[in-house]
Structure formats: structure tokens, C-alpha cells
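K.L.:
requesting a structural model of the entry that follows:
(2 chains)
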Amino acid sequence: DAGVTQSPTHLIKTRGQHVTLRCSPISGHKSVSWYQQVLGQGPQFIFQYYEKEERGRGNFPDRFSARQFPNYSSELNVNALLLGDSALYLCASSFRVLGPYEQYFGPGTRLTVT
Amino acid sequence: ILNVEQSPQSLHVQEGDSTNFTCSFPSSNFYALHWYRWETAKSPEALFVMTLNGDEKKKGRISATLNTKEGYSYLYIKGSQPEDSATYLCAIISSGSARQLTFGSGTQLTVLP
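P.N.:
Purely as a prediction, here's the structure:
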């Protein structure tokens, strides 16, 4: 079975631009969560979607948005990119909403903002 | 904002040594704790999900305990091997309708052959 997939693997953008990151969960998983990880820190929670509804949001500005599609795949959108948005963006899927269920992480998208 | 602390920040042990790390968190509104292992150039891998006070879980040479009343969890590795070298992350979920996973900064383990 395929694991969680993310695209693209790497991305270079300029300040002020917009970016869309994509995630496909494990088959049968209905929850997708997004995380931002910068060097030396643990992943920071951005969003959780379950059954196409937002079920959790971390402390990120409104420039960050996401959505989940009927096939449970998800997109993370970041507008007006800042240098500080450079990070590894991880997507994770789980069977149900965050809690007592294991999460399975994708390989991440490395975003560099210049 | 939850404060999840992990100690030590990094650790070097010899092959064959046993070791343990700590994850501390606020005990109020606790819902679940996750442990992950993150090897370089790979995705974080789920080790354990724990919810009940007194929980003990084991997977091979790795085990974990949970104390929700005092707000800590221990991760133990028995007979460390070089392939155990990784960053070990714990993460907490608080109770409530809006669920989010708050990670600690991790413990970086290096097992020397």
C-alpha cells in the first residue's frame, strides 16, 4: 500500500509569491494534518482536516489556508510568502480525527523563500 | 499554548547501553500522547500512542510509560544499536473539540558503534 505522498518535494519561491502544497493520505484515512518544521524545532501544527472540515488550527497567520477534497487529499496554501516561511512542510494522515490514532507522515515538501 | 519539554536535548551512548528520555507536559486537559522516531532523510515514524495514566507500551527494545497526573512520559531503549540513532519526538493532544498536536523539540540520540 502506498504511504502518504506529498508534492512537490522541493520548491523555491520569491517573497510575496503564493505556494500550493499537496498531500495524498493513506487509503482509508479521512484525516489530514499539516505541520511546519524548522531546523532545531519540533513540527508546528498548522491545520487538521477531517471529513473535509477544519477540525483544528494552529497559531499561524491568515496567509495560511488549507482544504480537503472529497477523495481526502489536501492542499496547503500560503499567500504573500515571507522569508520566515522557509521550512519543511509535513503532511500526516490518520484514520480519524487527532487523538488515540497513529499518524503517518509523508516525506515533506522543502520550501525555500528567497 | 501547550509547553511540551523534552530532555535531554541530545544524547550520545555506546552500542549496547540502555537509555531513556523524558517528555514533560501540562497535566490538565490531557487527552493523548504520541511518541515518534525521526531518522535523518526519512519521515517521522509513529512509535506509540498513549492515553491512560499508567499506560506502558513496548515495541521490541523500545518501551514507554505515561503519568498523566504529574505530566510526564519516559521512553526507554534497551541495548541501544546504531540504527536507533534518530530524533525522538513526543507530542501532546489536549482535550476539547479543536484538536491539535503540540510537539516538543525532540531528543537527538546518537548510538556509537
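
K.L.:
for chain B, which residue gets nearest to chain A?
P.N.:
Closest to chain A within chain B is B:Phe103: 3.2 Å, counting by Cβ to the nearest Cβ. Heads up, the C-betas are built off the backbone N, CA and C, glycines and all.

K.L.:
run a quick neighbour tally on that residue.
P.N.:
Residues lying near B:Phe103 (other Cβ atoms under 10 Å in any protein chain shown) number 23.

K.L.:
helix/strand/coil for the closest residue to it other than its chain neighbours?
P.N.:
Leaving aside its chain neighbours, B:Phe103 sits nearest to A:Gly42 (3.2 Å; criterion: Cβ to Cβ, 6 or more residues apart in numbering or on different chains). What DSSP: H, G, I helix; E, B strand; the rest coil gives for A:Gly42 is coil.

K.L.:
please apply the same query to A:Gly84.
P.N.:
helix.

K.L.:
which residues touch the residue lying closest to it once chain neighbours are set aside?
P.N.:
The shortest distance from A:Gly84 to any non-neighbouring residue, by Cβ to Cβ, 6+ apart, is to A:Val113 (7.9 Å). The neighbours of A:Val113, taking Cβ atoms under 8 Å, 6 or more residues apart in numbering or on different chains as the test, are A:12-15, A:81-86.

K.L.:
mind checking which of these are buried?
P.N.:
A:13, A:81, A:85-86 (16 or more other Cβ atoms under 10 Å in any protein chain shown).

K.L.:
quick one on the thing from earlier: now for the contacts of A:Val113, which pair is the farthest apart?
P.N.:
A:Ile12 and A:Gly84 (15.4 Å; Cβ to Cβ).

K.L.:
the residue nearest to B:Phe103 and B:Thr107 touch, don't they?
P.N.:
No - at 10.5 Å, A:Gly42 does not count as touching B:Thr107 under the criterion of Cβ atoms under 8 Å.

K.L.:
partner residues bridging residue 11?
P.N.:
Using chain A. A:Leu111 (DSSP bridges).

K.L.:
wait, I meant chain B there
P.N.:
B:Leu109.

K.L.:
wait, it touches B:Leu109, no?
P.N.:
Yes - using Cβ under 8 Å, B:Leu11 is in contact with B:Leu109, at 5.2 Å.

K.L.:
between the two, which contacts overlap?
P.N.:
Here B:Leu11 and B:Leu109 have B:19, B:21 as joint contacts, going by Cβ under 8 Å, 6+ apart.

K.L.:
of these two, which one has the most company?
P.N.:
Neighbours per residue (other Cβ under 10 Å) separate B:Leu11 from B:Leu109, with B:Leu109 holding more: 21 against 18.

K.L.:
let me see the contact set for that one.
P.N.:
B:10-11, B:13, B:19, B:21, B:77, B:80, B:84-88.

K.L.:
ok, A:Val4 next?
P.N.:
A:Val4 neighbours (Cβ under 8 Å, 6+ apart): A:23-26, A:91-93, A:104-106, B:43.

K.L.:
so which of those residues is the most crowded?
P.N.:
Among the contacts of A:Val4, the one with the most neighbours (other Cβ under 10 Å) is A:Cys91, at 31 neighbours.

K.L.:
so after the helix or strand harbouring that residue, what's the next helix or strand?
P.N.:
Counting by DSSP states H and E, the element that carries A:Cys91 is strand A:87-94. Once the chain leaves strand A:87-94, the next helix or strand it forms, by DSSP H and E, is strand A:104-105.
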